[in-house]
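Chemist: starting from these lines, generate the structure:
(one chain, ligands or ions: 1)
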Amino acid sequence: MFTGRLRSSFTRPRPRTRQTGPPLIHFENVGLRYGMGPEILRDLTFDLPKGSFQFLTGPSGAGKTTLLRLLFMSLQPTRGLIKSFGRDITSIPRNELPMLRRRVGIVFQDFRLLDHLTTYENVALPLRVRGKAEQTYKQDVIELLKWVGLGERINVLPPVLSGGEKQRVAIARALIDRPEILLADEPTGNVDPPMARRLLSLFLELNRLGTAVVIATHDLALMDQVDARRMILTDGRLDIYE
Ligand SMILES: Nc1ncnc2c1ncn2[C@@H]1O[C@H](COP(=O)(O)OP(=O)(O)OP(=O)(O)O)[C@@H](O)[C@H]1O
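Modeler: Just a heads-up that it's a prediction; the model follows:
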């Protein structure tokens, strides 16, 4: 499934050229407020093209995580239109949402691994929950764990893993369903610069295999390593630099 190899040397690469055709996700004049609070996101209009690679940045509290939640369809906009895979997310029946969400993988800031399950079991969990038989996915899980450099850590529990290793388990779990979009919230927040570069090359490799990638980050040094689209949130508004 994942045949790409991590590159050991690192130059400033350009992500793959985006594919044409309808966007995976389309936002039009989207606004979001929590409860009766102030509007956190205002008038967001943009497309997430197939196979694209972008950083999402902005000061702390600017709304990056909130925007990722909208992209993951775990929040509804308070105004405007969001079309995910061609469908208006406000009119999707509740029982159809999980199937649509499977097309989007997400890596949370705090990993959300289950400490009593091994690395292998954490990654396999989304498939097990859906009732898939282990023999249909076992090889894929092992191959994916090797791809993220955890071939030697397959039967280890999360509490003994390093921050970078946990991050890679969370990435593998987000990828096991082969999503068309990967969202990552501060994926390099807990790792040292060499591991951050390694994770970045993993995301670039994934993008080369066709997945659209959105990385929310404060890390300027990380962004400077790739000639990629930047989405910058300031005071609830979004500017995009191609
Ligand atoms: N569930 C919630 N209820 C009410 N307010 C919220 C909720 N989640 C986030 N907020 C507020 O929305 C604003 C944006 O938060 P968000 O976490 O999206 O920002 P962020 O850019 O990801 O921040 P950071 O870089 O610090 O992670 C903040 O003012 C935050 O307090």
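Chemist: and the helices in the chain?
Modeler: 64-71, 97-101, 119-129, 134-147, 163-175, 193-208, 220-223 (DSSP state H).
Chemist: right, and those - which one's nearest residue 155?
Modeler: Closest to residue 155 of the helices of the chain, according to C-beta to C-beta: helix 119-129, at 6.4 Å. No exception for glycine: its C-beta is placed from N, CA and C like everyone else's.
Chemist: the spatially closest residue to residue 221 that is not a sequence neighbour: how many residues sit nearby?
Modeler: Leaving out its chain neighbours, the residue that sits closest to residue 221 by C-beta to C-beta, 6 or more residues apart in numbering is residue 193, at 7.2 Å. Using other C-beta atoms under 10 Å, residue 193 has 11 other residues around it.
Chemist: go on, residue 114?
Modeler: 12.
Chemist: residue contacts, the closest residue to it other than its chain neighbours?
Modeler: Counting by C-beta to C-beta, 6+ apart, residue 114 lies nearest to residue 122, which is 5.9 Å off, once chain neighbours are set aside. Taking C-beta atoms under 8 Å, 6 or more residues apart in numbering, we find residue 122 in contact with 113-114, 158, 169, 173.
Chemist: let's see the ChimeraX selection covering just the buried ones among those.
Modeler: The buried residues among the contacts of residue 122 can be selected in ChimeraX (16 or more other C-beta atoms under 10 Å) with this line:
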select :113,158,169,173
